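1. sharing a model that was predicted from the sequence below.
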Amino acid sequence: MENVIVNAHVVDSRNIGDLASSPIPYFDFDYRVETLDLRSIDPKFSVPQSGFGGSITLDEIRKTSDQVRYHLIIGGGGLLYKQFLRSYKILESLKSVFRGHWIAWGVGQQVYALSGEKSLIPQLSAARDGFAYQQYLSMFDLVGIRDQGFDYDWIPCASCLHPTFDKPREPRHDVVVFSHRKFKLKLGNLPCMSHDTQSLEEVIDFLGSGKTIISSSYHGAYWGTLLGRRVVAFPFSTKFLTLKHPPVIYPIQQWNYSRFKFRPFKQGFLNRIKLEYTYGNHYTCRTQNWQATAALSQSYSDILQQYRDANIHFYRRVLSLLSE
């Protein structure tokens, strides 16, 4: 009987974090590997404009389960997220169909709190501490999470294994800004980049060009820390508060939804003309006195190998499990 590894994660080509975070590209396995878009498992999940990715579907797995033993590896990004919970529940009912071992590799929690009367950081801290991991992970045979301080083995995001981190980089700017594409930071004329680029090396070159990194991207903060840079994070979800070597957290109050609509013509009596263009749907926040927060940041030297070793050790445990 053929053995196949199915790597389930969010297959989104618009997000460099999703592209780089799967552990599969960094290790050799003896089995054929397929990718399954975690969102596609839930028939009620609204399809994004880009559609679902992956090289295999749940229907294909069902049709070939009598000939193939499928091992499931969920890994790559903040996959412990309420919008994916139905996918996990559906998977749980299909464990006998896969018939292989189930592994969670470097997954992490993600709870959003964008507004409200209370400031954002206390909301995120409470949500982080009360996160219910078991509702996602109870059916797995081996679990490693990227979140530090919980009752699971710590396995950081596998993107630390990318060879681009071995390239030496000298800072050319005092401060650079790396934004999540939906959570925009505006800090004057500082060098800036968004995380929706396709090239990880381009992103790491940019992050490495700064002595201090201001980021609203989890991976911007994570990668900046691995580069030994000082990092200031503007968080929008609990994942920013789970890093083993934490950035300094800006005391943000809330993110504000920003949408600009331009209507060159109003709708006429006969309803003949209606033109509307919507630009830049995203969130923004106040950034005043960010320099004071940046002054509190620190760098962590020589942690890259520690993060890589954690993934290498987990890989050996995965191989041992798959051989059973």
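-> Great, that's in hand.
2. break down the stretch 51-200 of the chain into its strands, ranges please.
-> 68-75, 99-107, 142-145, 153-154, 173-179, 192-194 (DSSP state E, counting those that start in this stretch).
3. relative to the third one, what are the paired strands and their orientations?
-> This means strand 142-145. strand 99-107 (parallel), strand 153-154 (parallel) (DSSP bridges).
4. will you turn those into a markdown table that also has mean neighbour count, distance to Ala132 and mean pLDDT?
-> To be clear about C-beta, it is placed using only N, CA and C from the backbone, and glycine gets the same treatment. Shown next, in a markdown table, are these (neighbours: other C-beta atoms under 10 Å; distance: least, C-beta to C-beta, whole Å; pLDDT from 0 to 100):
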| stretch | mean neighbour count | distance to Ala132 | mean pLDDT |
| --- | --- | --- | --- |
| strand 99-107 | 23 | 14 | 97 |
| strand 153-154 | 15 | 18 | 98 |
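5. mind putting the ones you listed into JSON lines with distance to His282?
-> Output for the strands paired with strand 142-145, formatted as JSON lines (distance: least, C-beta to C-beta, whole Å):
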{"stretch": "strand 99-107", "distance to His282": "26"}
{"stretch": "strand 153-154", "distance to His282": "32"}
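6. so which of these gets nearest Val176?
-> Nearest to Val176 among the strands paired with strand 142-145 is strand 99-107; the distance by C-beta to C-beta comes to 25.9 Å.
7. gap between the strand or helix carrying Leu19 and the chain center?
-> In the assignment (DSSP states H and E), Leu19 maps to helix 16-21. Distance of helix 16-21 from its chain centroid, counting by C-alpha atoms, centre = their mean, to the nearest Å, is 7 Å.
8. check stretch 297-310 too.
-> That offset, for stretch 297-310, works out to 19 Å (C-alpha atoms, centre = their mean).
9. out of the strands paired with strand 142-145, which is closest to Pro191?
-> Here strand 99-107 is closest among the strands paired with strand 142-145 (C-beta to C-beta), at 29.6 Å.
10. with only the CA atoms kept, save that closest one in PDB.
-> In PDB, the C-alpha atoms belonging to strand 99-107 read as follows (Å, rounded to 0.1, in the frame of the first residue of the first chain):
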ATOM      1  CA  ARG A  99      -5.700   5.700   8.100                       C
ATOM      2  CA  GLY A 100      -2.300   7.300   8.700                       C
ATOM      3  CA  HIS A 101      -0.700   9.300  11.500                       C
ATOM      4  CA  TRP A 102      -1.700  12.900  12.200                       C
ATOM      5  CA  ILE A 103       0.900  15.600  13.100                       C
ATOM      6  CA  ALA A 104       0.500  19.300  13.900                       C
ATOM      7  CA  TRP A 105       3.800  21.100  13.200                       C
ATOM      8  CA  GLY A 106       4.400  24.600  14.300                       C
ATOM      9  CA  VAL A 107       0.800  25.700  14.300                       C
END
